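K.L.:
here is my input; please provide its structure:
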Amino acid sequence: MKTYDLILVGGGIVGVSTALQLKRRNPGAEILLIEKEALLAQHQTGHNSGVVHAGVYYQPGSLKADFCKRGAAQTIEFCKEHGLPFKQIGKLLVATDAIEHERMEALEERCSRNGIKTERLSSKELTEAEPAVVGVGALLVSATGITDFKIVTAKMAELFIALGGEIKCGQEVKAIREKTHTVNIELAGTTVTTRYLVLCGGVMADRLARKMEIDIDFQIVPFRGEYYKLSPRRNSIVRRLVYPIPDPELPFLGVHLTPTIQGFITVGPNAVLGWKREGYGRFNFDLRDTAEMLKFSGFWTVMRENFLNGLSEFKDSIFKPGYLQRVRKYCPSLDSTADLLPYPPGIRAQAVKKDGTLVHDFLFAETDRSFHVCNAPSPAATAAMPIGEYLCEKVATRFGF
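P.N.:
So this is what the prediction gives:
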């Protein structure tokens, strides 16, 4: 039986970026990437807004703040180098009242601490910049851009294969058995062996960790981010990304307008509880996913502490005028639900600890021969290259690979 030098599990952008960087650092190594779907980038990577984030919201000194800022620059450079679609259109964070203006000032300070350039706009300057948008003021973050992360992932995979890397899709991990010198990974009908293992499982990260009997104190709780697409007649309503000022007490950023690299504008996402970890249809339920969630103590703490907000999110999820009203707060000219067309949702894989604490930063775990990415929600796509660098350093230090 062939023994690989290193196997990666997970074919999203974090896994593929890490595979490429490991292969570049170890050109003679036998490296395999395993993905359970028939194609790469089918989950969080392929169901997001396509925003290349500047790093506005993240705690100074956190991995997210560092990785996001560096990742944005690296993503731009990668797109330019390989002729991939990218536009640096900038983002407006719009305050619509005095409370939000105060929060905006706090965000401005956070940006300054994170080394992100911003420009404060008055109400008049905001309307001059974006005639359809109104507010008492705004922050302009010029560094924010847009791309297609599925295309970026495909190029990374192409480069990985060209260097001699191997990818196997349609191979779900059934079991993992770590031995003294190797790790055996049981797939459907076969077993592969490796000296070292890196797992980038996204919404399945906790289950992969438990397959190796790691004593983790978190569980993935899925949140559906539901989007709409604006009707074609509204494709020029804004030129930049337009975000509300988020409530710092809530974990999500609010419904925003996002011009896409494909030329249309999306509206969203909201954040409603997911009853299926990989549920992208209109109605989704999985018995195993739901049962695990209901048995987890941290889930009930999160629900209790966010009950009213969760109820509001659910109401607007099924009541389109309520969803529209969230956007009309800063873009009142959007006045018809007929302009909100269907668009695929995404799933945010949110790690929650047993005490109900939401894990806001990237989270990792390890064994003697494996390294796990346990929590990598947004901005993981933007930060995929620095995350890959981080994993390469950890693998080199921990395993000498």
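K.L.:
next, residue 21: secondary structure please.
P.N.:
helix (DSSP: H, G, I helix; E, B strand; the rest coil).
K.L.:
could you dump the helix or strand containing residue 327 to PDB, C-alpha only?
P.N.:
Using DSSP states H and E, residue 327 maps to helix 320-328. Output of helix 320-328 as PDB, limited to C-alpha atoms (Å, rounded to 0.1, in the frame of the first residue of the first chain):
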ATOM      1  CA  LYS A 320     -39.900  39.200   2.100                       C
ATOM      2  CA  PRO A 321     -41.100  42.700   2.900                       C
ATOM      3  CA  GLY A 322     -39.300  42.500   6.300                       C
ATOM      4  CA  TYR A 323     -36.100  41.500   4.600                       C
ATOM      5  CA  LEU A 324     -36.500  44.300   2.100                       C
ATOM      6  CA  GLN A 325     -37.000  46.800   4.900                       C
ATOM      7  CA  ARG A 326     -33.500  46.000   6.300                       C
ATOM      8  CA  VAL A 327     -32.000  47.300   3.000                       C
ATOM      9  CA  ARG A 328     -34.400  50.200   2.700                       C
END
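K.L.:
please point out which parts of that helix sit buried.
P.N.:
Under the neighbour-count criterion of 16 or more other Cβ atoms under 10 Å, helix 320-328 has 323, 324, 326, 327 buried. Glycine gets a C-beta too; all of them are placed from N, C-alpha and C.
K.L.:
what sits against the first one?
P.N.:
Which is residue 323. 228, 255, 267, 270, 316, 317, 340 (Cβ atoms under 8 Å, 6 or more residues apart in numbering).
K.L.:
and for the third one?
P.N.:
Contact partners of residue 326, counting by Cβ under 8 Å, 6+ apart, are 244, 254, 255, 270, 316.
K.L.:
let's see 7 Å
P.N.:
By Cβ atoms under 7 Å, 6 or more residues apart in numbering, the residues touching residue 326 are 255, 316.
K.L.:
what segments of this structure are helices?
P.N.:
13-25, 63-82, 98-113, 123-129, 149-162, 205-211, 287-294, 297-305, 307-318, 320-328, 384-399 (DSSP state H).
K.L.:
dump the first one to CSV, keeping only the CA atoms.
P.N.:
Extracted in CSV, the C-alpha atoms of helix 13-25 (Å, rounded to 0.1, in the frame of the first residue of the first chain):
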residue,chain,number,x,y,z
ILE,A,13,-10.2,27.2,-0.7
VAL,A,14,-8.4,26.8,2.7
GLY,A,15,-7.6,23.2,2.0
VAL,A,16,-6.5,23.8,-1.6
SER,A,17,-4.4,26.8,-0.7
THR,A,18,-2.7,24.8,2.0
ALA,A,19,-2.0,21.9,-0.4
LEU,A,20,-0.5,24.2,-3.0
GLN,A,21,1.8,25.9,-0.5
LEU,A,22,2.9,22.6,1.1
LYS,A,23,3.7,21.2,-2.3
ARG,A,24,5.7,24.4,-3.2
ARG,A,25,7.7,24.0,0.0
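K.L.:
which parts of it are buried?
P.N.:
13, 14, 15, 16, 17, 18, 19, 20, 21, 22, 23.
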